[in-house]
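In: Turn this into a structure:
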Amino acid sequence: MGEDLASTNVNRTYTLAGTSIAIFTFTMFFLYPRFLSGEADPRLFQATIVVMGLATFSFVFATFSYYCASVCRESGDREHARYSRRGDCFWLLGYTLLFLAPTLILFTIGLRAVGGVWLALWLVYLVFVFLYFPRMLTAR
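Out: Numbers count the residues shown, from 1 in each chain. Okay, here's the model as predicted:
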C-alpha cells in the first residue's frame, strides 16, 4: 500500500466514523423517546446502540492503523503491511456493522417486512465479503 493510499484510507475511515456518530445521534434523538415510552423494542434498541458503538470504534481503530501505516515508512514494508491489514480488517468490521444498523432500527420500530428486506440485503453483502475480501487484503 502506497503512502497516498494509506493517507486516503485515513480520510475515508475518519469520514465514516463521523457518519457513524451522526447516525448514532439521529438514532438517539428519534428512537430514545420511543424507547422510554415503550413503543420501541428495548432489546433491539440497545442492540442497535451497541452495533453503532462497535462500528464507530472500528472505524476509529482503522483510521489509527492506516495512519500508522502511512507514517511507518522507516520501519519497513513488513510493519507497513501489518498496519494496513489491521486497518483493512477494522474497516470491514465497521462497514459491516454500519450496514447492519438500519436493519436493527427498522426492526426496533416494528417495520418487520422492511427490516427483513434489509436483513436479506445485509446477508447477501456478507456472502460477497466472505468471497472477495480475503483477495483484497494487503499482502503479507
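
In: Going by C-alpha atoms from here, please, whenever you check contacts or count neighbours.
Out: OK.

In: tell me what whichever strand or helix holds residue 36 is packed against?
Out: Secondary-structure assignment from DSSP states H and E places residue 36 in helix 3-37. On a contact count with 3 or more Cα pairs under 8 Å, 6 or more residues apart in numbering; DSSP states H and E, helix 3-37 meets helix 42-71, helix 77-108.

In: Can you report the mean pLDDT over the residues of the first one?
Out: If you average the pLDDT over helix 42-71, you get 89.

In: Distance-wise, check the spatially most central residue of the chain relative to residue 77.
Out: Taking Cα atoms, centre = their mean, the centroid of the chain lies closest to residue 94, which sits 1.8 Å from it. Spatial separation of residue 94 from residue 77 under the definition Cα to Cα, to the nearest Å is 25 Å.

In: now residue 97
Out: Taking Cα to Cα as the measure, residue 97 and residue 77 are separated by 30 Å.

In: Looking at those two, which is more packed in?
Out: Neighbour comparison, residue 97 and residue 77: the larger count goes to residue 97, with 22 against 14 (by other Cα atoms under 10 Å).

In: before we move on, the earlier item: what sits against the residue nearest to the centre of the chain?
Out: Neighbouring residues of residue 94 by Cα atoms under 8 Å, 6 or more residues apart in numbering: 54-59.

In: For the helices and strands packed on helix 3-37, give me a markdown table that also has distance to residue 135.
Out: What follows is the helices and strands packed on helix 3-37, written out as a markdown table (distance: least, Cα to Cα, whole Å):
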| stretch | distance to residue 135 |
| --- | --- |
| helix 42-71 | 19 |
| helix 77-108 | 12 |
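
In: pLDDT weak spots in the protein?
Out: For the chain, residues meeting the criterion pLDDT under 70 lie at 1-11, 14, 73-76, 136-140.

In: Kindly recompute the last result at 90.
Out: Residues of the chain that meet the criterion pLDDT under 90 lie in 1-32, 34-35, 59-60, 62-85, 87-89, 91, 95, 109, 129-140.
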